[in-house]
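Engineer: Provided below for reference: sequence and predicted model.
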Amino acid sequence: MKRITKTSTTDASRKDKAQAGKRTSEISNVVGIPTLPTSHLSQFKVSSLSAKDDSDDFQEDVPTALNSLNGHPDANVVSTVMPLAGADATGVGSCSDEMVSDDSNEGVLCPFNDKRTVKQEFTKDVVKPEISECRNPTSQIHDVKDRSDSITDMKVEPLELTQTDYVKFEELCICTCHFVPVNSCSSETPESIHSASSRDNLDVIDSEGSVHMDDVVRDVTNRDSSVVVGTIDTHIVGRKFSMEAVCEEGMPLAFVRDPDNPKDSNAIKVITPDKLELGYLPRQVASHFSVILDKELGDLKGVILAVPEDVFEIVPIKVTLEKKNLESEHEEIISKCWQGALSASLIPPKQFKYEANFLCLLQTVLERDSHLFNSDEQVFLCSFQLLSGDAQRLFIHLYQRKGPWFRVRNLNYSDVADVESSFQELIAARFMIAAEAVADGSATEFREIVEVLNVFDLRQLVSSAQLKDRKEVAGARKEELVDWVTSGVLVKDQVSALGSCSGTVVKEMVLDLVGSCIRVSDDASFLLWRSQRLFFLNGDQDLSSFLLVDMGRVKYPEYKCNRKLPVFATREALLEYEKALEVAQAMDMALEVNDMTAVMAFLTRARTFLRIDQNEGSKEPRRDGCPSFFYRFTAARVYATVCTLGVSILEREHRYGEAIELLKELLSTCIRSGRRGYWTVRLSMDLDHLGRKEESLQVAEKGVTDPLIRGGDLVALQRRVVRLSKPPRRWKKPPYAEALNLKFEEVQIRGRPLNCTIGMKSRFYGFDEQQCGVEELALQYYASEEGGGWEGMHSEGGVWMMLFGLLMWEVLFADVPDVFQTPFQTAPLDLDSHSFFIARRDIIEARLEEIRQGQAVVLLAECWSKHYGTYCRGVNWEKYSLDTLQIIAACVGGSGLSALCRLLTQDHAGYSAGMPDLLLWRTYREPSLLRRSSSDINCLRCDCGQEMDSLEPAKSAGPVEAEGIVNVTKGCVLRGEAKLVEVKGPRDRLSEQQRAWIASLLSAGLAVQVCKVLESLDN
């Protein structure tokens, strides 16, 4: 059986681009001509009544059918428009009973009128609906009257059909999306006519070319049809990675899921009819469509709307979603995904990610911290968004380059079409400054302009100005050439050394040779520096953080930025903070060059601010309910750091009296600082240096009772109290005196030293005769039979920080107000403060209980699978494997791990350092509480080789939950034990923080040793 098709013409504007039998057009629903959508049409031959007609010209006008609702091709069909039965002279008529339809979703109209001699000739091959056969889906049929003019002379030779066939065809002339007679389809509701497209290519043509109506009916009944949900306008991203495929206007597109994409598991590829990759759908759109494709609830089709001139620009496309006729339970999923994709498509396309990232940073700061900028600064920053796209992109490029000066002739960016007009626009907006504007400025700034010249230009300039003779110029380096040119400019109006050019002439020669030269203006540089610092809240991150995320190199944790209070309450507080940062930076530079005069001047400035802050109050108002961890963003904290450095300098010069006064000022002014323990210890020691024992003891006793002093500083003060409180000063020992007498096991080993110099790290020959440090030597000893055959690693705090981060992941990134201010944090802001534990007490206690109950191995596996590769403070995914961490966790035990995590939650800053150097563990097997089965296996308890019944868990017994379980095998359970070792060289001793750690570990029931490495000259 053969298909019956209808004919159409294309727009004259598309005629030159058409390909015979390959193009597509849209079948419009015109009043009086109700049509049915068709997608399974076969080719046919059209013969002309007039011998004057050119059949080749006519073939150029033959388009293929398009779905008029969405403008997308859904079949590789060739169709033409035929005059309807009962049509007038223009070929326009109404739907009559003498119309037939095929059995596809997209039907056709075919007249049967005895008054016309009509003959149809069908080809025997049915054209399959492959999208690759479509060519120009943007062509459309404009007007029926215009179409009729080109078809009145055409003759189509139909099949011979009986009257019974006419009746059957009339019954099949239905609108397939609603299954109603075609006569009831109004031209005012094209959705009901063109909302479905075919899924199958039903071959109903027999060998003789006759039409069997039973086959047609069966095809319609069994058809798996789909319905068009709608279309959206979006674009292709990632074109720069798929440049081998060429875009063409009107090109049909297909879409393929890419679930293994490392950057986006929801990725959807955009491919050509030749299966070449063009790029991807935008991430926000693909996240919704991927659900439909994964569940096979529908299909996507697309077409390219236009081809941009620049290959790097976005490619606009139209995407159509077709849903399958599935159960009603899937309708909600499809509707939800469609609405999400529709909303996502309304987001303006971001041509370049770096541009969008820069604007995001700027807009976020202006919305969140607008109170920190005055009106002029706000107007200036807001004016950046008013610049043209080229000007914005050029500025972002130059802002991130080293510079500071750039020759315009050397600027060439593919995403900046007009560099000349762009930099002129930036200069007019005060974001850039030209070299001519600062030519009369300082010598340093003019030297920077000279440095943009290359060596060839500099030699030519020096020779032309006769600043040096040719022999010196020939072998001079760039630094020397720059010095000569800068010195020649400083001569001013005097004649140069060789009597040729004055300084003014040399300057003009430099500017002429440099040409147009620009740099970022001071206002723009400073305000953007401030914006970056307000956005990231540190000086280490910049716009490259966005780039690393976009490239998939860095993945930050998922958390909620619950911002209740601004970090800086007033503009005055921010200005004081920025001035303090300048002082701290200048002091660091002065220390590098050993300029002690400048160092003491900066120290005096810091002390002055702290005195004023104490006596009169700073310009920052004291806010009620302000989080304590916001103290790190105050000028007082920065100046306190400067003064702490000053204390070390004064003590190094044995100026203990000045150091004591400075320490007292710090303790009285900086109440919220985490360095109070350090200051108290140093104050007590400096008083002891001056022989003021009683005062030193009083300071130590007061420090012991300070609730803000913990960890090693507390241990140090307690030890000082015990040492100084002897009769007659104190007759009674403090209650913590006995607890300070740590009773830990000490092991001594000997090694052949490489160096015995005081102040240098000790080096030894190891057991394998290779050079190593004291920690590697101790590891070799413990791995030997004499040492106990331990496995281990030299980790210090690394492995404990890793375990803490994984076990407490949900605690770290819990929803707590104000601790997450930016999406680029690896830890909450309050992690190093005492408020961390207080704000999360309930969830911390719950997690610690899980760890204590032996769930650490499971928690590690869950966190590893969910968050692997995500940046988190203290977590190193590459250094430690999951298996190793699980073994360590099982060997340490739930009680020990719980105690360690508690210390780090209560005082993370204090206990992040001073952990034992080595972590040792060893495993062994024990019989498990399992029942026997009928199968036999070799004995797993020893190497006897005897066979025994395999062991399986008893049904009545629940999961084995014993502390120290590493792995369960047939017949036995791997158990283990752990030991922590602090290694000390020949001239080392335990620090106070190390003593605090050892005391805490011993109280948690963990095995701790101190390994003393002694020097021995014996081999």
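Structural biologist: That came through, no problem.
Engineer: from here on, contacts and neighbour counts on C-alpha atoms
Structural biologist: Noted.
Engineer: give the contact list for residue 847.
Structural biologist: By CA atoms under 8 Å, 6 or more residues apart in numbering, the residues touching residue 847 are residue 808.
Engineer: For it, pull up the helix or strand it's in.
Structural biologist: Element membership of residue 847 [criterion: DSSP states H and E] is helix 841-852.
Engineer: Give me the residues contacting the very next helix or strand once past that helix.
Structural biologist: Downstream of helix 841-852, the first helix or strand assigned by DSSP H and E is helix 856-867. Applying CA under 8 Å, 6+ apart, the contact partners of helix 856-867 are 557, 803, 806-807, 809, 850, 882, 885-886, 889-890, 894.
Engineer: Would you mind writing the CA trace of stretch 381-391 as PDB?
Structural biologist: In PDB, the C-alpha atoms belonging to stretch 381-391 read as follows (Å, rounded to 0.1, in the frame of the first residue of the first chain):
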ATOM      1  CA  LEU A 381      31.200  50.500  40.000                       C
ATOM      2  CA  CYS A 382      27.700  50.500  38.600                       C
ATOM      3  CA  SER A 383      28.900  52.200  35.500                       C
ATOM      4  CA  PHE A 384      30.900  49.100  34.500                       C
ATOM      5  CA  GLN A 385      27.700  47.300  33.600                       C
ATOM      6  CA  LEU A 386      26.800  50.200  31.300                       C
ATOM      7  CA  LEU A 387      30.000  49.600  29.200                       C
ATOM      8  CA  SER A 388      29.800  47.700  25.900                       C
ATOM      9  CA  GLY A 389      30.500  44.000  26.000                       C
ATOM     10  CA  ASP A 390      33.900  44.500  24.200                       C
ATOM     11  CA  ALA A 391      35.000  47.100  26.700                       C
END
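Engineer: Now it: buried residues?
Structural biologist: 381, 384, 390-391 (16 or more other CA atoms under 10 Å).
Engineer: what about it, average pLDDT?
Structural biologist: Per-region confidence: stretch 381-391 scores 90 on mean pLDDT.
Engineer: Then stretch 343-359?
Structural biologist: In this model, stretch 343-359 has a mean pLDDT of 77.
Engineer: how long is that stretch end to end?
Structural biologist: 21 Å (CA to CA, to the nearest Å).
Engineer: for the longest helix along the chain, packing partners?
Structural biologist: Secondary structure of the chain read by DSSP state H shows that its longest helix is helix 571-592. The contact analysis (3 or more CA pairs under 8 Å, 6 or more residues apart in numbering; DSSP states H and E) places helix 571-592 against helix 596-615, helix 635-652.
Engineer: between these, which gets nearest to residue 729?
Structural biologist: Ranking the helices and strands packed on helix 571-592 by proximity to residue 729 (CA to CA) places helix 635-652 first, at 26.8 Å.
Engineer: What are the buried residues along the helix or strand just after that closest one?
Structural biologist: Next along the chain after helix 635-652, taking DSSP H and E as the criterion, comes helix 656-669. Using 16+ other CA under 10 Å as the test for burial, helix 656-669 gives 656, 659-660, 662-663, 665-667, 669.
Engineer: Also stretch 987-999?
Structural biologist: Under 16+ other CA under 10 Å, the buried positions of stretch 987-999 are 992-999.
Engineer: got it, and stretch 856-873?
Structural biologist: Residues of stretch 856-873 classed as buried by neighbour count (16+ other CA under 10 Å): 856-857, 859-861, 863-864, 867, 869-872.
Engineer: For that stretch, give the mean pLDDT please.
Structural biologist: Rounded mean pLDDT across stretch 856-873 is 94.
Engineer: Right, I'll leave it there.
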